[in-house]
Structures are given as C-alpha cells and as structure tokens.
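Engineer: 3D model of this:
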Amino acid sequence: MRKVARFIRLEAISAPCVRASQERKSKLGYRKRRRKANLKKKRTRERGYTNLELINQAVAEVPYQPAGSDKTYRLVIRRQLIEESKPQTSLGPAFCFRYRYRYVVTDLPAQLVSTKRVIDLTYERCDQENVIK
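Structural biologist: Purely as a prediction, here's the structure:
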C-alpha cells in the first residue's frame with residue numbers, strides 16, 4: 001500500500017533569528033524602528049532579472065525505505081509556492097507561479113522531533129556551514 005503525503009500549511013518556518021526577534025519584541029520598552037525602503041524589486045526590474053517571491057509553504061512527512069535496506073526513515077518534504085515576475089514589457093508584467101520542493105531524509109524519531117523542527121534543524125545546520133570558513 002502506498003502512502004500519500006499530506007501537506008500541512010505553515011505560516012512561517014521559524015528560524016533561531018526569528019525566535020530571538022520575537023523575544024526582543026516582547027520585552028518592555030521595545031520600540032519598532034523605522035523600516036528602510038526595499039529596493040530589491042526595483043533593482044531586479046531595472047536590470048532585467050526575474051524576481052522570486054515566496055507566497056506560501058507547506059510541510060509533509062512520509063515513511064521512506066530505501067531499496068536494499070531494512071530500516072525505515074522519515075522523508076520530510078517542504079513545498080514552496082514561488083511567484084516569478086519578469087521585467088515589465090509593453091504588454092504588462094509577466095507573472096508565473098511555480099512550486100519548489102525540498103526534502104530531508106532523517107532518522108530522528110517522530111516522538112522527539114516534530115516535522116517542523118526537522119526543517120528548522122536542517123536549515124540551522126546549513127547556516128552553520130556558511131559561518132565556518
């Protein structure tokens with residue numbers, strides 16, 4: 001029998017920096033700073049690049065057993081809905097929506113580590129590899 005992945009909608013996958021930011025905001029006397037203008041979209045249009053923007057993301061988990069192995073692993077899949085907007089033409093801007101899939105194969109027990117936490121741990125590790133030089 002084949003198992004079907006069911007995606008769980010996430011508002012945002014919380015990274016350590018996001019949690020630290022939320023703790024800082026909850027302290028007494030916190031004042032929100034004025035936000036700088038975001039020039040990314042403007043620059044991508046001017047230079048003719050395609051702008052990618054994350055619209056939605058979801059996480060699913062299915063059991064996975066590789067061929068020739070007796071052990072069953074957890075396959076955690078993250079599906080991201082990405083909006084691609086190309087530079088404006090005479091006909092108007094060109095929009096396209098695509099799904100991007102990322103996956104993690106792990107043997108961490110489901111009772112101890114949630115699906116969302118597996119994604120957090122994976123991306124913390126990836127960031128750590130960028131820090132070490």
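Engineer: For my notes, confirm Lys116 occurs in a helix.
Structural biologist: Yes - the assignment for Lys116 (DSSP: H, G, I helix; E, B strand; the rest coil) places it in a helix.
Engineer: What about it, how many residues nearby?
Structural biologist: 16 (other Cβ atoms under 10 Å). C-beta coordinates here come from the backbone N, C-alpha and C atoms, glycine included.
Engineer: I'd say it and Ala60 touch.
Structural biologist: No - here Lys116 does not reach Ala60: they are 11.2 Å apart, not a contact under Cβ atoms under 8 Å.
Engineer: Distance check, the closest residue to Lys25 other than its chain neighbours against Gln22.
Structural biologist: Nearest residue to Lys25 in three dimensions, chain neighbours excluded: Lys32, at 7.9 Å (Cβ to Cβ, 6 or more residues apart in numbering). As for Lys32, its distance to Gln22 is 13 Å (criterion: Cβ to Cβ, to the nearest Å).
Engineer: again with Leu121
Structural biologist: 19 Å.
Engineer: so where do the helices sit in this protein?
Structural biologist: 16-26, 40-47, 115-131 (DSSP state H).
Engineer: so where's the protein shaky on pLDDT?
Structural biologist: Where the chain drops to pLDDT under 70, the residues are 1-19, 88-93, 126-133.
Engineer: ok, and what's touching stretch 39-56?
Structural biologist: Arg9, Gln80, Leu81, Ile82, Glu83, Glu84, Ser85, Lys86, Pro87, Gln88, Phe97 (Cβ atoms under 8 Å, 6 or more residues apart in numbering).
Engineer: Which among these count as buried?
Structural biologist: Gln80, Ser85 (16 or more other Cβ atoms under 10 Å).
Engineer: could I get the contacts of stretch 39-56 as CSV with distance to Leu108?
Structural biologist: As requested, the contacts of stretch 39-56 are exported to CSV (distance: Cβ to Cβ, whole Å):
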residue, distance to Leu108
Arg9, 22
Gln80, 22
Leu81, 26
Ile82, 27
Glu83, 32
Glu84, 33
Ser85, 37
Lys86, 40
Pro87, 43
Gln88, 46
Phe97, 32
